[in-house]
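Chemist: Provided below for reference: sequence and predicted model.
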Amino acid sequence: MAAYGWGTDRALKDLLFMSGHRFEFYQAVRLLEQLCPEKKSIAEGSEPEKEAIRFRSKSDFNFPACDIHEIRKPLFCLSDRAVNALRREKLAESLLDKLNFLKNKFYVSESSFSDAVQAVLGKDQGAGYGSLILKHADLSADSENPFEMSVNFMGLAGCLGPLPKPYTELILNRVREKDTAFRDFLDIFNHRLISLMYRVRKIYRIGFDLHSPEKSRFSDYLFSFMGMGTKGLRGRMKVKDRALLFYTGLLTQQPRSMTGLKAVISDYFNVRVQGNQLCGQWHAIDEDQLSRIGNSGQNRRLGIDTVAGSRVWDQQSKFELEIGPLTFDELYDFLPEVGTAFVPLYELTRFYAGTEFDFDFILLVSPDKDIEPRLGRPKGPILGRTSWLKRTKPDVEYERVRLAGRLG
């Protein structure tokens, strides 16, 4: 026997309204909020009517088997906005005149609304234009009225509620007489209680936030760990701030390591990276630190401040990153003169390593036919970058292109 729903191609939102009881409460609320992004977030405003969902409690003596009793769409209505949208769709004015009979009348389901359209336009035209009219009526309703969700797990009345049983009996008797005033009164409080429960869960569950990751409340905490706690420190690199959130665990480590840097660069650019530490470099000595002899000399005390020469070797101030092996197109993309990846590579490395270290990039490319210099090719040869003298017998595994770790 086939599983439930096998062979169907219904949209998720249709399943949500048809079989709401099969959904977990928190996930259903999140999906409904995504259907109405222009609405206020649940329990985060002072006007419940502007929220996407209106919560109700199922008040009876049954012990529920699921969280959700049902989810109802907003009432269908052919508003002025929907009529204008149909006019933009080039619907004939004669048909729009007939549809005026339906304007601002509410229907509780798609089928009842579709039946009303066919009654006004006729069977043939109603079937032909029904889906288009329903589309705009659905949009009009969703933007003006909240969804209704009836839940089983929380409420003032019912088998799980704190109110005595006679109150539940009173509600059932009044509803049987088409009087829902008392139930609606209790649902004012039920809505707030259920909304607050969802908000409490949302605070500590990152995935419930409807905003993009870099704009969520939790991302502010992560950016603070990385040293980007204020808005002015963000958006300054070619690397998007959103991408940095994935590497929070590595970017918050102190002291930062070569292993962490290799992991970040390798994952972001999807290339193999090797690091060489303690490469060393010469530093020029400032003029006021040089040793001079004579009456007007300076720094002449042997063993204290005397320096021989005009530069000094610093073994630990520089490292190298070997990136590759790369294809010719990948190599071209990493070149500072013509590529788009060099600036993000430099900025990400500088952000991780800090300002106290200098670095070089060594790009490794296989010596195959793709890198042989040929005039007239779209990505022509660049001296010192993509041009090599041809070897009769290649004696190296990779050609090496050294790039200084600086801009300009």
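Modeler: Looks like it came in fine.
Chemist: pLDDT on stretch 101-115, on average?
Modeler: The average pLDDT within stretch 101-115 is 66.
Chemist: any chance you could map the helices in the stretch 51-200 of the chain?
Modeler: With DSSP state H, counting those that start in this stretch as the criterion, the stretch 51-200 of the chain has helices at 80-88, 93-99, 110-121, 123-144, 165-176, 181-203.
Chemist: which one of the ones you listed has the lowest average pLDDT?
Modeler: When the helices of the stretch 51-200 of the chain are compared by mean pLDDT, helix 123-144 comes last with a mean of 64.
Chemist: and the strands in the chain?
Modeler: For the chain, the strands defined by DSSP state E occupy 53-57, 68-72, 76-77, 106-107, 147-151, 273-276, 281-284, 311-314, 318-326, 358-365, 399-404.
Chemist: just how off-centre is the fifth one within its chain?
Modeler: Right, the one you point to is strand 147-151. 28 Å (C-alpha atoms, centre = their mean, to the nearest Å).
Chemist: give me the sheet partners of it and which way each runs.
Modeler: For strand 147-151, the paired strands and their directions (DSSP bridges) read strand 53-57 (parallel), strand 68-72 (antiparallel).
Chemist: format these as a markdown table; extra columns: distance to E337.
Modeler: Where you see a C-beta, it was placed from the backbone N, CA and C, and this is true even at glycine. Converted to a markdown table, the strands paired with strand 147-151 look like this (distance: least, C-beta to C-beta, whole Å):
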| stretch | distance to E337 |
| --- | --- |
| strand 53-57 | 55 |
| strand 68-72 | 58 |
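Chemist: the helices of the stretch 51-200 of the chain into a markdown table, with extra columns for distance to G339?
Modeler: Formatted as a markdown table, the helices of the stretch 51-200 of the chain follow (distance: least, C-beta to C-beta, whole Å):
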| stretch | distance to G339 |
| --- | --- |
| helix 80-88 | 45 |
| helix 93-99 | 56 |
| helix 110-121 | 54 |
| helix 123-144 | 45 |
| helix 165-176 | 70 |
| helix 181-203 | 42 |
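Chemist: in TSV: the ones you listed, plus mean neighbour count and distance to D267.
Modeler: TSV is the format used below for those (neighbours: other C-beta atoms under 10 Å; distance: least, C-beta to C-beta, whole Å):
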stretch	mean neighbour count	distance to D267
helix 80-88	15	46
helix 93-99	13	56
helix 110-121	17	47
helix 123-144	16	40
helix 165-176	15	57
helix 181-203	16	29
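Chemist: picking that back up, just so I know, which of the strands paired with strand 147-151 lies nearest Y221?
Modeler: With C-beta to C-beta as the criterion, Y221 lies closest to strand 53-57 of the strands paired with strand 147-151, at 27.7 Å.
Chemist: what's next to the closest one, contact-wise?
Modeler: With contacts defined as C-beta atoms under 8 Å, 6 or more residues apart in numbering, strand 53-57 is touched by 29, 32-33, 42, 48, 146-151, 154-158, 161, 183, 186-187, 190-191, 194-195.
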